[in-house]
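> generate a structure from the sequence data that follows.
(chains A and B)
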Amino acid sequence: MRRKATKLELWCVTIAAFVMIVLLPALNATTEGSFLHVSNFTINLYGKYLCYGLLAISVDLLWGYTGLLSLGQALFFTLGGYMMGMHLMRMIGDLGQYHKPIPDFLVFLGWSTLPAFWKPFSNFPFAFLMAMLLPGTLALVFGFLAFRSRIRGVYFSILTQALTYAAMLLFFRNSLLMGGNNGFTDFKFIFGYDLREAGTQRGLYMVTAITVLIVFLGCRWLSRTKFGLVQQAIRDSENRVLFSGYAAGYYKLFVFVLAALIGSIGGMLFVPQVGIINPSEMGPDKSLEAVVWVAVGGRGTLLGPILGAFGVNAFKSWATRAYPDLWQILLGALFVLVTLFMPKGLVGLPEQLRGLKKRYDLRRKKMTNEAATAISPAVGELGSETRGRDAPATIAEIE
Amino acid sequence: MSTPLPKFVLMLEEVNKTFDGFKAISNLTLYMDEGELRTIIGPNGAGKSTMLDLITGRTKPDTGKIEFGRDTDLTRLNEYQINRLGIGRKFQTPSVYIDHTVFENIWLSLKGSRAVWTTIFARLSSDERDRIHEVLNTVGLSEKAGWKAGALSHGQKQWLEIGMLLAQDPKLLLVDEPAAGMTDEETHKTGELLLSLEGKHSIVVIEHDMTFVRQIARKVTVLHQGTVLCEGTVDEVQNDERVIEVYLGRKKKAA
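Just a heads-up that it's a prediction; the model follows:
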């Protein structure tokens, strides 16, 4: 009802969902060497991109929909990853290098029994619960303090960046008993399935793709509720929202916690597919990269972040091989170019092109009109009765 | 217009506010009757907008009393709590939600629960729909209901924001320079709109434009250097020696 493009959008999503959830895994299951075969490498890579897609949605819910630029969303992603990692570490059993019933790094640190807080992580539901509780509580407490103090704009961005940096330094410490700078790796099993098997990875990929679809549909629904309208109103005019009786802080808090949970789920799915989690994932650069994905894909949309996460990471895979030294510069240049010339990202490109064409047509019409006005100069007086400081609406504003 | 026992809807007593050593408001005392339409004028920096900030909870006074109705102390409350009491404020520059339709702008402003959970599961009722159209009618934007607010002209945005205030059905409306940036015709229509609200709501209008003030003014309060210089009808105020000196005189010279 609100947007004409809705029907088209739904078709695109249905087709994309079919390709990603059904077609690609089916083709992956075909025999190797067949010309339809999709390689395990591709499936694994796409699975990783989809996890990044969840991180991107989490950034966009805050930045694109609420006007809160968080530069620390990778923190929640990594925390989810660590909780999953702890479970997977327990699933290694005594198959590690030292053949002890506790994770290798603990043996290395001189432990012979499992620290108490590690014990319940053998149980997956507990690990999952912690992957929701830990990032959720952190977001709740941090968000509550930040929004209560009315921290906005660049100050909010800096604080979130500082938070993820602090967490990274904490996780680098061996004394935290979370694997130090090596983190967790060498996983073997998930739910009894061998992680090195193509079938297990395919299953993980499918779960990821379905999760992305559910998160996408859920966020799409939320953005169309009255809550979603308030959320976007906060982005466009927070004062108006406050002075209309809405406690904007609680709305922001809700979104912040929700975004943290979505990021955490992304991290949980990321770890078994990539096979490693370490503190460098909390580095400020990781969160910044996620912001670039959203900017490239199109912020304030839900398709945009997923598209951006895919596109930029595919570009990264290519660029890090072709120009390993230049990759960071290319990423920066991409961000600058998109910000300058494609403010609505890939998703907004068709609309932007239509707008350009419209403006071009308008200008041509105006030029012919001006030629006509020049003949009767009296018409030029018309504008003078508009008074006050504010200029009348320009063409750009009408669009 | 028939309140049996007129009581104050708003009361400011001996209010002071200093920003970094600059005395924005000094010993300001002002009473407003229920249903009154009050116009406040004053040169730039006289403290007009600061006064609204103080009433609406955006800033807190250093000293003094600000009360709403019988005995609600406004100095202890924040913006949204004050709004929920029934005080609506229109900003100097129109602030509307540019990405939402005109209809949605009003919907978000309608009286009702503002809690996070209720908005998640809120559905537009037919009562609400009727009320929204009623408000849009009042401010003359019925035809633009489906437009994005960002596509409206400056004057229409001002009306939309007034409509958003009306949707809240506030007891007290604070309107900061509603006619700024409007054409003469739009200004006149805005004046008529405000006059039509008189009696139903108590209204404070801050304005610079004397033609507009003449159109709407009943009782005028002149602010100067953060305090009330004088009060009265437009004619009384315009003939007041002190006012001519600090405000009108200067404006005449400038114009």
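> and stretch B:48-60, C-alpha only, in CSV?
Taking C-alpha atoms only, stretch B:48-60 is exported to CSV below (Å, rounded to 0.1, in the frame of the first residue of the first chain):
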residue,chain,number,x,y,z
LYS,B,48,11.0,33.8,23.5
SER,B,49,12.2,30.4,22.4
THR,B,50,14.1,29.8,25.6
MET,B,51,10.8,30.4,27.4
LEU,B,52,9.2,27.7,25.4
ASP,B,53,12.2,25.4,26.1
LEU,B,54,11.6,26.0,29.8
ILE,B,55,7.9,25.2,29.6
THR,B,56,8.4,22.1,27.5
GLY,B,57,11.2,20.6,29.6
ARG,B,58,14.0,21.0,27.1
THR,B,59,15.9,23.1,29.6
LYS,B,60,15.5,23.5,33.3
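> and chain A, is it touching that?
Yes - for stretch B:48-60, a contact with chain A is found by Cβ under 8 Å from any Cβ of the partner chain, at B:Thr56. The way it works is simple: take the backbone N, C-alpha and C, and place the C-beta from them, glycine included.
> what does that stretch rub up against?
A:243, B:10, B:12, B:15, B:17, B:24-25, B:28, B:30, B:40-42, B:61, B:66, B:74-75, B:77-79, B:81-83, B:87, B:89, B:92, B:174, B:176, B:204, B:206, B:223, B:226 (Cβ atoms under 8 Å, 6 or more residues apart in numbering or on different chains).
> list the buried ones in that stretch?
By neighbour count with 16 or more other Cβ atoms under 10 Å in any protein chain shown, stretch B:48-60 contains the buried residues B:Lys48, B:Ser49, B:Thr50, B:Met51, B:Leu52, B:Asp53, B:Leu54, B:Ile55, B:Thr56, B:Gly57, B:Arg58.
> what separation do you get for the fifth one and B:Thr29?
This means B:Leu52. To B:Thr29, B:Leu52 is 16 Å away according to Cβ to Cβ, to the nearest Å.
> please work out how many residues are found near the closest residue to A:Pro305 other than its chain neighbours.
Of all residues not flanking A:Pro305 in the chain, A:Ala56 sits nearest, at 3.4 Å (Cβ to Cβ, 6 or more residues apart in numbering or on different chains). The tally of other residues near A:Ala56 (other Cβ atoms under 10 Å in any protein chain shown) stands at 36.
> let me see the contact set for A:Ala56.
For A:Ala56, the contacting residues are A:Ala290, A:Trp293, A:Val294, A:Gly297, A:Pro305, A:Ile306, A:Gly308, A:Ala309, by Cβ under 8 Å, 6+ apart.
> name the residues of the helix or strand hosting it that are buried.
Using DSSP states H and E, A:Ala56 sits in helix A:40-66. Of the residues in helix A:40-66, A:40, A:43-66 count as buried by neighbour count, 16+ other Cβ under 10 Å.
> can you check stretch A:215-223 too?
Neighbour count says stretch A:215-223 has A:Val215, A:Phe216, A:Cys219, A:Arg220, A:Leu222, A:Ser223 buried, by 16+ other Cβ under 10 Å.
> closest to chain B among those?
A:Leu222 (7.2 Å; Cβ to the nearest Cβ).
> list the contacts for that closest one?
Going by Cβ under 8 Å, 6+ apart, A:Leu222 touches A:Gly228, B:Ile120.
> who are the contact partners of the nearest residue to A:Ile92 once chain neighbours are set aside?
Excluding its sequence neighbours, the residue lying closest to A:Ile92 (Cβ to Cβ, 6+ apart) is A:Lys188, at 5.0 Å. Counting by Cβ under 8 Å, 6+ apart, A:Lys188 touches A:Leu88, A:Met91, A:Ile92, A:Gly93, A:Leu95, A:Asp194, A:Leu195, A:Arg196.
> gap between A:Lys188 and chain B?
A:Lys188 is 42 Å from chain B, where distance means Cβ to the nearest Cβ, to the nearest Å.
> dihedrals phi and psi, that residue?
Backbone torsions of A:Lys188, given as degrees, to the nearest 10, read phi -120, psi -50.
> one more: B:Glu67?
The phi and psi values for B:Glu67, taken as degrees, to the nearest 10, are phi -130, psi 150.
> which strand or helix spans the closest residue to it other than its chain neighbours?
The shortest distance from B:Glu67 to any non-neighbouring residue, by Cβ to Cβ, 6+ apart, is to B:Met11 (4.6 Å). In this assignment (DSSP H and E), B:Met11 forms part of strand B:8-19.
> what about stretch B:172-186, distance to the chain center?
Taking Cα atoms, centre = their mean, to the nearest Å, one finds stretch B:172-186 lying 10 Å from the centre of the chain it belongs to.
> buried stuff in that stretch?
B:172-183, B:186.
> near chain B, which residues of the stretch 51-200 of chain A are found?
By Cβ under 8 Å from any Cβ, no residue of the stretch 51-200 of chain A approaches chain B.
> can you pull out the helices in the stretch 51-200 of chain A?
Using DSSP state H, counting those that start in this stretch, the helices found in the stretch 51-200 of chain A span residues A:73-91, A:104-108, A:124-148, A:153-172, A:198-224.
> where among the ones you listed is the average confidence lowest?
Between those, the one with the least mean pLDDT is helix A:104-108; it has a mean of 90.
> contact partners of that one?
Identification of contacts with helix A:104-108 by Cβ under 8 Å, 6+ apart yields A:Gly96, A:Gln97, A:Tyr98, A:Lys100, A:Leu114, A:Pro115, A:Leu177, A:Gly179, A:Gly180, A:Asn182, A:Asp186.
> no further questions, thank you.
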